[in-house]
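Engineer: sequence-free structure coming up:
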């Protein structure tokens, strides 16, 4: 290496070191933000799963109470619900339009 090349390399290295330091700090901040974002997302998912588990536990408790109740006839209750649906589907009562014609 001659003196001219060495004289050119010294300022280039002097400018490159601070740029590299700034770039390294920037990369560290990005990595830290990614970890925080991942932790927040994980915490949010855990909260959602906890609420879903609680809802399922409540439903299981209701089903256990229905099945273990001594005076409870599940089949009769299911048939009663089916009968209610049939009445709702068929409709009941007199339509308003016919009722108003008969009064007139």
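Structural biologist: On my side now, so go ahead. Nothing here was measured: the structure is a model prediction, and the numbers come from that model.
Engineer: Tell me where this structure has strands.
Structural biologist: Remark: no strands are assigned in the chain by DSSP state E.
Engineer: What's the separation between residue 40 and residue 46?
Structural biologist: Residue 40 sits 11 Å away from residue 46, going by C-beta to C-beta, to the nearest Å. Quick note: C-beta positions are derived from backbone N, CA and C, even for glycine.
Engineer: nope, residue 82 is what I was after
Structural biologist: Separation of residue 82 from residue 46 (C-beta to C-beta): 40 Å.
Engineer: In terms of pLDDT, where does residue 31 sit?
Structural biologist: Looking at residue 31, its pLDDT stands at 90.
Engineer: please renumber so the chain begins at 746
Structural biologist: Right, with 746 as the first residue, what we last looked at is residue 776.
Engineer: That one and residue 783: what is the separation?
Structural biologist: Computed as C-beta to C-beta, the residue 776 to residue 783 distance reads 11 Å.
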